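# Sequence first, predicted coordinates after that:
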Amino acid sequence: MSNMKHLSLENRLYRDLLKEFGLYLKRLGYNKHTCQTLPSLVREFFYRLEQQGIREPGKVTPGMIKKYYGYLTRRPNRTRPGNLSRSMLSQHVWALKTFFNYREAEGVLKENPFSVLHFPTPEHKKRAVLTRGEIEKLYHACETLRDRDMLGLLYGCGLRKSEAEKLNIKDISFKSGLLYVRSGKGKKRRVVPVTGQVTEDFKNYYYRERIHVRKKEDPDSQKAFMLNRRGTRVLGQSYWRRLRYLVREAGIENGERKISPHSLRHSIATHLLGSGLSVEQVRDFLGHGHLESTQIYTRVSRKYLTGQDQ
């Protein structure tokens, strides 16, 4: 990668575009590594264009990009023996696609050459994502108000298991329909909007079920929102065990999928994107530090969401 950064570009337009592209990525919220890597990969493409006498990106055609991809498949890897891996080829494609999408969004390109192109993508580890229908089955399997609250926290609010563990009474506002994550991953704080039904579930649990649990005298049990039968804070393994029980009761057990508390977070992210929310909005909802983490969910096809959600 370092060699690409030092490929000399004679064309000032190309050099300026790389700087502007890096700033664009930074504004979108990509991490520092991505803001450096994608322009570096585009630099190699610009270098090849210069060798062919092409002085501006507006003259790039789909055929040129396909030809460049063919060159990449044959190009030696600069850091180890052999050619570029499929993962590295995919990064080159992503860099170019992101660049041309940026130019199109800026209104500079009349036609995006990437709009008609398709390239092989490396296989990614499958994430367990439940359909909306399966989520409904989980709710039907609930036996207590605490069960519904668990689903509300992990699916309705998209909390991580650790965030649900730490949740205190003061972190939920029934009146405003907001939930406050005081210390998320990386010590980040965020405010999560809570839907009307989930808010009602929280209120019902708090006023009708939690109030009858004999609480321990320790301060932590007094302030914790979710309590177990012993009157102490519900911890991560309890969420795991109870969810596994509901999965079995709901009849959605599948040998190919391992459904965990984090699967509910994956599911709400996928459903929100499928409903039309932007990647940036879903990133903020989940509390991701960078867009890359959220973009994983965009790989789940709309066909999967609608075809099995009946």
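Great, that's in hand.
# where does the closest residue to residue 227 other than its chain neighbours land on pLDDT?
Sequence neighbours aside, residue 213 is the residue nearest to residue 227 in space, at 4.9 Å (criterion: C-beta to C-beta, 6 or more residues apart in numbering). All C-beta atoms are positioned from the backbone trio N, CA, C, and that covers glycine. Looking at residue 213, its pLDDT is 86.
# for residue 213, what are its contacts?
Residue 213 is in contact with 227, 229, 231, counting by C-beta atoms under 8 Å, 6 or more residues apart in numbering.
# helix/strand/coil for residue 258?
coil (DSSP: H, G, I helix; E, B strand; the rest coil).
# picking up where we left off before, if I look at the residue nearest to residue 227, how far off is residue 149?
13 Å (C-beta to C-beta, to the nearest Å).
# Equivalent analysis for residue 232, please.
16 Å.
# just residue 170 next, same as before
Taken as C-beta to C-beta, the span from residue 170 to residue 149 is 16 Å.
# Can you name every helix or strand that the host helix or strand of residue 139 contacts?
Assigned by DSSP states H and E, residue 139 falls within helix 132-141. Contacts defined by 3 or more C-beta pairs under 8 Å, 6 or more residues apart in numbering; DSSP states H and E place helix 132-141 against helix 145-151, helix 236-250, helix 261-274.
# Verify the contact between residue 233 and residue 220 for me.
Yes: Residue 233 is within contact range of residue 220, at 5.9 Å (criterion: C-beta atoms under 8 Å).
# of these two, who's got more company?
residue 233 (20 against 10; other C-beta atoms under 10 Å).
# for that one, what are its contacts?
Applying C-beta under 8 Å, 6+ apart, the residues near residue 233 are 165, 220-221, 224, 226-227.
# for it, phi and psi?
For residue 233, the backbone dihedrals (degrees, to the nearest 10) come out as phi -60, psi 140.
# For it, give the beta-bridge partners.
residue 227 (DSSP bridges).
# Looking at it now. What's its pLDDT?
92.
# next one: residue 301
38.
# Tell me where the stretch 151-300 of the chain has helices.
161-166, 196-204, 219-223, 236-250, 261-274, 279-286, 291-295 (DSSP state H, counting those that start in this stretch).
# Make a markdown table out of those and add distance to residue 103 and mean pLDDT.
Shown next, in a markdown table, are the helices of the stretch 151-300 of the chain (distance: least, C-beta to C-beta, whole Å; pLDDT from 0 to 100):
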| stretch | distance to residue 103 | mean pLDDT |
| --- | --- | --- |
| helix 161-166 | 38 | 91 |
| helix 196-204 | 41 | 95 |
| helix 219-223 | 52 | 89 |
| helix 236-250 | 45 | 93 |
| helix 261-274 | 24 | 90 |
| helix 279-286 | 19 | 84 |
| helix 291-295 | 19 | 66 |
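# most neighbours per residue, which of the ones you listed?
helix 261-274 (a mean of 22; mean count of other C-beta atoms under 10 Å).
# Report the angle between that helix and helix 279-286.
Angle of helix 261-274 versus helix 279-286, following axes from the mean of the first three to the mean of the last three C-alpha atoms, to 10 degrees, is 150 degrees.
# now the angle between helix 132-141 and helix 261-274, please.
Going by the same axes, to 10 degrees, helix 261-274 makes 130 degrees with helix 132-141.
# now for helix 261-274, which elements pack on it?
helix 132-141, helix 161-166, helix 236-250, helix 279-286, helix 302-307.
# Mind putting those into TSV with distance to residue 94?
As requested, those are exported to TSV (distance: least, C-beta to C-beta, whole Å):
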stretch	distance to residue 94
helix 132-141	29
helix 161-166	30
helix 236-250	34
helix 279-286	14
helix 302-307	20
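# for those, which one sits closest to residue 45?
helix 279-286 (24.2 Å; C-beta to C-beta).
# Check which helices and strands the closest one is in contact with.
strand 190-193, helix 261-274, helix 291-295.
# residue ranges with poor pLDDT in the chain?
For the chain, the stretches flagged by pLDDT under 70 are 1-6, 122-127, 184-187, 254-256, 289-310.
# ok, back up a step: quick one, which of the helices and strands packed on helix 132-141 gets closest to residue 137.
The nearest among the helices and strands packed on helix 132-141, by C-beta to C-beta, is helix 236-250 at 4.0 Å.
# got the end-to-end distance for stretch 171-178?
8 Å (C-alpha to C-alpha, to the nearest Å).
# One more: stretch 43-59?
Terminal residues of stretch 43-59 lie 16 Å apart, using C-alpha to C-alpha.
# Flag every buried residue along it.
Buried residues in stretch 43-59, counting neighbours by 16 or more other C-beta atoms under 10 Å, are found at 43-50, 54, 57.
# Now do the contacts for the residue nearest to residue 240 when sequence neighbours are not counted.
Leaving aside its chain neighbours, residue 240 sits nearest to residue 261 (6.3 Å; criterion: C-beta to C-beta, 6+ apart). Applying C-beta under 8 Å, 6+ apart, we find residue 261 in contact with 154, 161, 164, 236, 239-240, 243.
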